[in-house]
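Visitor: Next comes the sequence, and after it the predicted model I'd like to discuss.
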Amino acid sequence: MVLPDRVKQALDERVFVHVATVMPDGSPHVSVIWVGRRGDTVLFSTAEGRVKTENIRRDPRVALSFTAIGDDYVNYVLRGRVTRFEADGWWLIDELARKYTDADEYRWKQPGQVRVNGEIEIEAVGANR
């Protein structure tokens with residue numbers, strides 16, 4: 001899906017995104033993530049051992065929700081699938097740390113932690129005013 005320009009602009013800001021994943025019993029699990037974007041694909045990073053990591057491996061469907069910066073009354077809801085989910089290093093969380101904290105790298109690195117980077121292909125976009 002081609003994302004509308006207003007959604008791309010909002011995602012390029014320091015917006016905190018709530019991601020919903022599906023628990024084994026079908027109930028939702030929601031957590032906050034930092035996001036990046038490559039074209040119409042949303043990027044995020046998490047760590048091995050987290051609930052969302054296990055949920056995504058079992059069921060790649062996700063929903064994202066965030067409020068546009070500067071317009072507190074616009075809430076975006078995106079639905080899609082995680083199409084790539086690999087433990088391929090710290091490059092993405094470091095990139096996101098530059099966006100969100102102006103630091104050169106992610107300052108909360110834990111020894112032995114394995115980062116898992118994902119790509120989300122968006123299938124539906126909604127906005128509420």
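Guide: Cool, the structure landed. Residues are numbered from 1 along each chain as shown.

Visitor: quick one: the closest residue to Ala10 other than its chain neighbours and Ile120, what's the gap?
Guide: Nearest non-adjacent residue to Ala10, counting by C-beta to C-beta, 6 or more residues apart in numbering: Ala68, 4.6 Å away. Yep, even glycine has a C-beta here, placed from its N, CA and C like the rest. From Ala68 over to Ile120 the distance is 18 Å, taken as C-beta to C-beta, to the nearest Å.

Visitor: Repeat that for Ile33.
Guide: According to C-beta to C-beta, Ile33 stands 10 Å off from Ile120.

Visitor: So between those two, which is more surrounded?
Guide: Neighbour totals were compared for Ile33 and Ile120, and Ile120 leads with 25 against 19 (other C-beta atoms under 10 Å).

Visitor: hang on, the more buried one packs against Phe44?
Guide: Yes - contact criterion C-beta atoms under 8 Å: Ile120 and Phe44 qualify, at 7.1 Å.

Visitor: which stretches of this structure form strands?
Guide: Assigned strands in the chain, in chain order: 17-22, 28-33, 36-38, 41-47, 61-67, 75-86, 115-128 (criterion: DSSP state E).

Visitor: Dump those into a markdown table; add distance to Arg107 and mean pLDDT as well.
Guide: A markdown table is the format used below for the strands of the chain (distance: least, C-beta to C-beta, whole Å; pLDDT from 0 to 100):
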| stretch | distance to Arg107 | mean pLDDT |
| --- | --- | --- |
| strand 17-22 | 20 | 98 |
| strand 28-33 | 17 | 98 |
| strand 36-38 | 17 | 98 |
| strand 41-47 | 14 | 98 |
| strand 61-67 | 23 | 98 |
| strand 75-86 | 23 | 97 |
| strand 115-128 | 14 | 96 |
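
Visitor: Rebuild these as CSV, extending it with distance to Asp94.
Guide: Output for those, formatted as CSV (distance: least, C-beta to C-beta, whole Å):
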stretch, distance to Asp94
strand 17-22, 18
strand 28-33, 15
strand 36-38, 11
strand 41-47, 9
strand 61-67, 22
strand 75-86, 16
strand 115-128, 9
